[in-house]
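> could you look at this predicted model? Sequence included:
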Amino acid sequence: MNNEQTRIGNAMTYLAQALGTNLMGLVHGNSAAHLARMDEALRLREIARKQNYNR
């Protein structure tokens, strides 16, 4: 497996966990860059949610 496939797999795993669903079919055909942006947005939202919870 090459690095791009690994990154896509990691992003899909994180997205699936965050959304509680299997996204394999949904994200089929999306670029690695698009998946990375989606992944980053979810991670940043989760960080913000945790910071607000701790206030």
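That came through fine.
> tell me, what residue is most central in this structure?
Against the mean C-alpha coordinate of the chain, by C-alpha atoms, centre = their mean, the closest residue is residue 39 at 3.0 Å.
> quick one: low-confidence parts of the protein?
1, 20-30, 55 (pLDDT under 70).
> would you map the helices across it?
Secondary structure of the chain (DSSP state H): helices located at 3-19, 32-53.
> now find how far off-centre the first one is within its chain.
It stands for helix 3-19. 6 Å (C-alpha atoms, centre = their mean, to the nearest Å).
> can you state the direction angle for that helix and helix 32-53?
40 degrees (axes from the mean of the first three to the mean of the last three C-alpha atoms, to 10 degrees).
> sorry, back to before: which of the helices of the chain is buried the deepest?
Highest mean neighbour count of the helices of the chain: helix 3-19, a mean of 14 (counted as mean count of other C-beta atoms under 10 Å). Placement of C-beta: from N, CA and C, glycine included.
> ok, the residue nearest to the centre of the chain - contacts?
10, 11, 14, 15 (C-beta atoms under 8 Å, 6 or more residues apart in numbering).
> ok, so of those, who is nearest residue 49?
Distance to residue 49, by C-beta to C-beta, is smallest for residue 14 among those, at 14.8 Å.
> and the gap between the residue nearest to that closest one when sequence neighbours are not counted and residue 10?
Sequence neighbours aside, residue 39 is the residue nearest to residue 14 in space, at 5.6 Å (criterion: C-beta to C-beta, 6 or more residues apart in numbering). Remark: distance between residue 39 and residue 10 (C-beta to C-beta, to the nearest Å) = 8 Å.
> got it, and residue 54?
Between residue 54 and residue 10 the computed distance is 26 Å (C-beta to C-beta).
> what of residue 36?
According to C-beta to C-beta, residue 36 and residue 10 sit 10 Å apart.
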